[in-house]
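> Coordinates for the following, if possible.
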Amino acid sequence: MTAPTSLNLDARPVIDLEHRHFETTVGNILVIGTWFMDPETKRSQPCLVLVDATKPLKQGRVIPCIITLDQAWMWTVEIGDEKHVGRVIRGWLAEGALPGNPHSGRSVWAVFDAVQSRLRDMMMMPPMPAAPAAKYGTPPATVGDLVITDQRTGAVLHEVELTKHVRY
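Residues are numbered from 1 along each chain as shown. From the prediction side, this is the model:
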C-alpha cells in the first residue's frame, strides 16, 4: 500500500459519529446507525458502522467498517452475496478493524450476526437530519418520485423528486 501523494486538510468526513440514529453492542462489536456522506456526489444515505467495542471510540484509534444502504441487499440472508460478504468480513478481521481471527468461522459469524442485528433498522432509517445535512452540504438521497398523470390522456402533468419523509 502506497502513501497518499498529498494530504487534503479540507476533506469532509464520510461519517460523523456525533450524529447517531441508534447503537447496539453485539459481543465485542459496536454497531452504529448513522449517515454516510458521499464526498463525490455530495449526497447522504443511511449506513451501519461497525467498530471494535473494546477500543476507545476516538479518531485514529478505531477503523470504521461501513455498510451503506445501497449495499444492504448484499448482507441480507434472503438474497445476499455470501461470497462477497465473507471476503469483506475476513478483510476487516485481517486488518484488525474488528476483533477476531479471519481464519475462524466463529469470528466471521460473529461479525455477520452483528450486522444482521441492525440491518433492517438501517433500512428503515430516515434521511439525515437537516442540521448535519446543512453542516456538511449533503442533502439526503432521493426518497421517491411523485408523478401526476392525467388518467384520460396519460400525459405527465407534474413530476417531483421527494427528498424527505413527511408524516401527518
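> need the helices for this structure, in chain order.
Secondary structure of the chain, counting by DSSP state H: helices at 82-95, 105-123, 130-136.
> now for these, which one comes closest to F22?
Smallest distance to F22 across the helices of the chain (CB to CB): 6.0 Å, for helix 105-123. In short, each C-beta sits where N, CA and C put it, glycine included.
> What segments of the protein are strands?
22-26, 29-37, 44-52, 65-68, 144-149, 156-162 (DSSP state E).
> Those strands: which one's closest to Y136?
Per CB to CB, nearest to Y136 of these: strand 29-37, 5.2 Å.
> could you give the angle of the closest one to helix 105-123?
Orientation check (axes from the mean of the first three to the mean of the last three CA atoms, to 10 degrees): strand 29-37 against helix 105-123 gives 40 degrees.
> Please produce CSV containing the strands of the chain, extended by mean pLDDT.
Shown next, in CSV, are the strands of the chain (pLDDT from 0 to 100):
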stretch, mean pLDDT
strand 22-26, 97
strand 29-37, 96
strand 44-52, 95
strand 65-68, 96
strand 144-149, 80
strand 156-162, 82
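> among the ones you listed, which is nearest M125?
Between these, strand 44-52 lies closest to M125; by CB to CB that is 3.8 Å.
> Packing partners of that closest one?
strand 29-37, strand 65-68, helix 105-123 (3 or more CB pairs under 8 Å, 6 or more residues apart in numbering; DSSP states H and E).
> then the last one to PDB, C-alphas only?
I take that to be helix 105-123. Only the C-alpha atoms of helix 105-123 are listed here, as PDB (Å, rounded to 0.1, in the frame of the first residue of the first chain):
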ATOM      1  CA  GLY A 105     -15.700 -19.300  11.100                       C
ATOM      2  CA  ARG A 106     -16.800 -18.300  14.600                       C
ATOM      3  CA  SER A 107     -15.300 -14.800  14.200                       C
ATOM      4  CA  VAL A 108     -16.800 -14.400  10.700                       C
ATOM      5  CA  TRP A 109     -20.300 -15.400  12.000                       C
ATOM      6  CA  ALA A 110     -19.900 -13.000  15.000                       C
ATOM      7  CA  VAL A 111     -19.500 -10.100  12.600                       C
ATOM      8  CA  PHE A 112     -22.300 -11.300  10.300                       C
ATOM      9  CA  ASP A 113     -24.600 -11.600  13.400                       C
ATOM     10  CA  ALA A 114     -23.700  -8.100  14.500                       C
ATOM     11  CA  VAL A 115     -24.700  -6.800  11.000                       C
ATOM     12  CA  GLN A 116     -27.900  -8.800  11.000                       C
ATOM     13  CA  SER A 117     -28.900  -7.400  14.400                       C
ATOM     14  CA  ARG A 118     -29.500  -3.900  13.000                       C
ATOM     15  CA  LEU A 119     -29.600  -4.300   9.200                       C
ATOM     16  CA  ARG A 120     -33.400  -3.900   9.000                       C
ATOM     17  CA  ASP A 121     -33.200  -0.900  11.300                       C
ATOM     18  CA  MET A 122     -30.700   0.700   9.000                       C
ATOM     19  CA  MET A 123     -33.000   0.100   6.000                       C
END
